[in-house]
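A.B. asks: got a structure for you, letters missing:
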């Protein structure tokens, strides 16, 4: 299987997703949009994974590649690909499906519970996401649920934590792929956002337990397995 990822900044890569892909011998390629890489033909991959980044989806003035990326994501969805978006990637999918993306009432950074939406029953994710689980967040924006999509979960700070569309397009506002290296990179590059507001934890709290990272990485693998028909 051929998997292509879109990366917006050097410090937000695939994280634990890469280990899953390597384990199952899937071929992985990446477009580094911040470097000006050219997007591949849609026919060149089976899966598209869209990673996070500190920019917003409406920041075309500073990141002109966003316009072409949005068209590319819509084309991948229309072509029937498995598409996964994380944080900014989820917001880009929401936009591609015609939903509104906007500032959330709260910035949400750190470890907070999400509660699974019953709408996930009878979807590929029904067994992959627990009813309640502590996950890692780092976002300030949110989105409406696109028409025809099923909401994934909610948290106290954010009503729309993700959705699944056509049982193959998955948008996750939260981060399940985060590793110790990647969370450290986020803190190093975006630590100015740790502003002590209501749903923003300190660096020490974010880094307080490696078990948390292991827990979310297992859920990430479960989601990938649920979407991966070769490795159900």
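C.D. replies: Structure received. Owing to the predicted nature of the structure, the values given are computational and were not obtained by experimental measurement. Numbering: from 1, shown residues only.

A.B. asks: contacts and neighbour counts: CA atoms only from here.
C.D. replies: Noted.

A.B. asks: partner residues bridging the residue nearest to the spatial centre of the chain?
C.D. replies: Nearest to the mean C-alpha position of the chain, by Cα atoms, centre = their mean, lies residue 86 at 0.8 Å. On the basis of DSSP bridges, residue 86 is bridged to residue 172.

A.B. asks: for the longest strand seen in the chain, packing partners?
C.D. replies: Ranked by residue count under DSSP state E, the longest strand found in the chain is strand 101-116. The elements that strand 101-116 packs onto, with contact taken as 3 or more Cα pairs under 8 Å, 6 or more residues apart in numbering; DSSP states H and E, are helix 88-96, strand 132-143, strand 153-154, helix 203-206.

A.B. asks: from those, which stretch is densest packed?
C.D. replies: helix 88-96 (a mean of 26; mean count of other Cα atoms under 10 Å).

A.B. asks: how near is the residue nearest to the centre of the chain to residue 139?
C.D. replies: As for residue 86, its distance to residue 139 is 10 Å (criterion: Cα to Cα, to the nearest Å).

A.B. asks: what touches both of the two?
C.D. replies: In terms of Cα atoms under 8 Å, 6 or more residues apart in numbering, residue 86 and residue 139 are both contacted by the residues 173, 174.

A.B. asks: off-centre distance for the longest helix along the chain?
C.D. replies: For the chain, the helix with the greatest residue count under DSSP state H is helix 210-227. Computed by Cα atoms, centre = their mean, to the nearest Å, the chain-centroid distance of helix 210-227 equals 13 Å.

A.B. asks: cool, and stretch 174-188?
C.D. replies: Remark: stretch 174-188 is offset 12 Å from the chain centroid, using Cα atoms, centre = their mean.

A.B. asks: next one: stretch 183-192
C.D. replies: The answer for stretch 183-192 is 17 Å, by Cα atoms, centre = their mean.

A.B. asks: which residues sit against that stretch?
C.D. replies: Counting contacts by Cα under 8 Å, 6+ apart, the residues outside stretch 183-192 that touch it are 11, 12, 54, 203.

A.B. asks: same question for stretch 37-47.
C.D. replies: 1-4, 31, 72, 75-76, 79, 81-84.

A.B. asks: make it 6 Å
C.D. replies: 2, 3, 31, 81, 82, 83 (Cα atoms under 6 Å, 6 or more residues apart in numbering).
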